[in-house]
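[1] 3D model of this:
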Amino acid sequence: MLSDFPRFLVSLLAAVSLCAGAQDPGPKQQEFLPKSGSGRVVVLVSGQTGMPGYAMTAQQIADAGFDVVLVDGNEFWIKDTSRAGNMLKEVITRAQAGAHALPGKVGVVGYSLGGATALTYAARMPELVAAVVVGYPYTAFIKAPADFVAKIKVPVQMFAGTADTYKDCCLIETARQLANAAKAVSPPMLTLHEYDGAGHGFNLATAARKDQAAGQDAIKRTIAQLKQALPAEGAK
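    Numbering: from 1, shown residues only. All right, here's what the predicted structure looks like:
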């Protein structure tokens, strides 16, 4: 993954800016286009470190055929949860109306703090979202896993490392509690894939060498999940 860092820089420079204008406030964002020029929309919500670190992942998903809109996850983590949810809806609907978007519901991918945004808001938007994928999501705020999972209306795939102790924000124990709670419904709306010994940020260019295999596997699974949920043909 470290060898991809120059590509990440190129991707960042080549990204199409979608920063909202003065009359249309919204979170900072960038668009990454597929080689075909158009694709089903995937909204990627960054972790707390911001958008630059997640541009490589955005480009990988775009290279798989998706129109990817990368947004800053920090801007959704506010006390006004109603406003935060509406902000994400606006990002989604704006992306759906974009010049490079194929029609249909979107996929939402989130990491760390952005994973919390995807779990809390996108997973409750079945009218707009077809699939949610989260990597090492921030879950420390979840005190009642069963109640939280009961509100999920969109299939969620979660990836987490068993050795993730970063700020105690994204512990594997909480991820397991959420997955176990989801098993009460058939089919479960949330499934967990664990990476033994992996820590936080395993998909990033700065990931520890021991975690890079987890990052490579997770992006393959993410793309497979998105392709299943968001077929280019017959979008509805």
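[2] what ranges do the strands span in this protein?
    Along the chain, counting by DSSP state E, strands occupy 16-17, 29-32, 41-45, 67-71, 106-111, 129-135, 156-161, 190-195.
[3] most packed of these?
    Using mean count of other CB atoms under 10 Å, the stretch among the strands of the chain with the greatest mean number of neighbours is strand 106-111 (a mean of 30). In this view, the C-beta of every residue, glycine as well, is placed from N, C-alpha and C.
[4] Could you give the number of residues near residue 180?
    Using other CB atoms under 10 Å, residue 180 is surrounded by 15 other residues.
[5] Could you report the separation of it from residue 199?
    Going from residue 180 to residue 199 by CB to CB, to the nearest Å gives 22 Å.
[6] circling back to that earlier point, mean pLDDT lowest for which of the strands of the chain?
    Across the strands of the chain, strand 16-17 has the smallest mean pLDDT, namely a mean of 38.
[7] and for the longest helix along the chain, what are the contacting residues?
    Counting residues, the longest helix in the chain under DSSP state H turns out to be helix 212-229. With contacts defined as CB atoms under 8 Å, 6 or more residues apart in numbering, helix 212-229 is touched by 1-2, 40, 42, 57, 60-61, 64-66, 107, 109, 130-131, 133, 135, 155, 157, 159, 161, 193, 195, 198, 202-204, 207.
[8] buried sites along it?
    For helix 212-229, the neighbour count (16 or more other CB atoms under 10 Å) marks 212, 214, 215, 217, 218, 219, 222, 223, 225, 226, 227, 229 as buried.
[9] Equivalent analysis for stretch 196-206, please.
    Neighbour count says stretch 196-206 has 198, 199, 200, 201, 202, 203, 204, 205 buried, by 16+ other CB under 10 Å.
[10] May I have the predicted confidence score for the second one?
    What it means is residue 199. Reported pLDDT for residue 199: 98.
[11] Report the separation between it and residue 163.
    From residue 199 to residue 163 the distance is 5 Å (CB to CB).
[12] circling back: just send the buried residues of stretch 196-206 back as TSV, with distance to residue 140 too.
    Listed next are the buried residues of stretch 196-206 as TSV, based on distance: CB to CB, whole Å:
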residue	distance to residue 140
198	18
199	16
200	13
201	16
202	19
203	20
204	20
205	25
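[13] Now go through those and say which are in helices.
    Reading helices off the buried residues of stretch 196-206, I find no matches (DSSP H).
[14] and which of the residues you listed is nearest to residue 99?
    The nearest member of those to residue 99, counting by CB to CB, is residue 203 at 28.3 Å.
[15] so who does the residue nearest the centre of the chain touch?
    Ranked by distance to the mean C-alpha position of the chain (CA atoms, centre = their mean), the top residue is residue 109 at 1.6 Å. By CB under 8 Å, 6+ apart, the contact set of residue 109 is 42-45, 57, 61, 118, 132-135, 222, 226.
[16] If anything else comes up later, I'll come back, but that's it for now.
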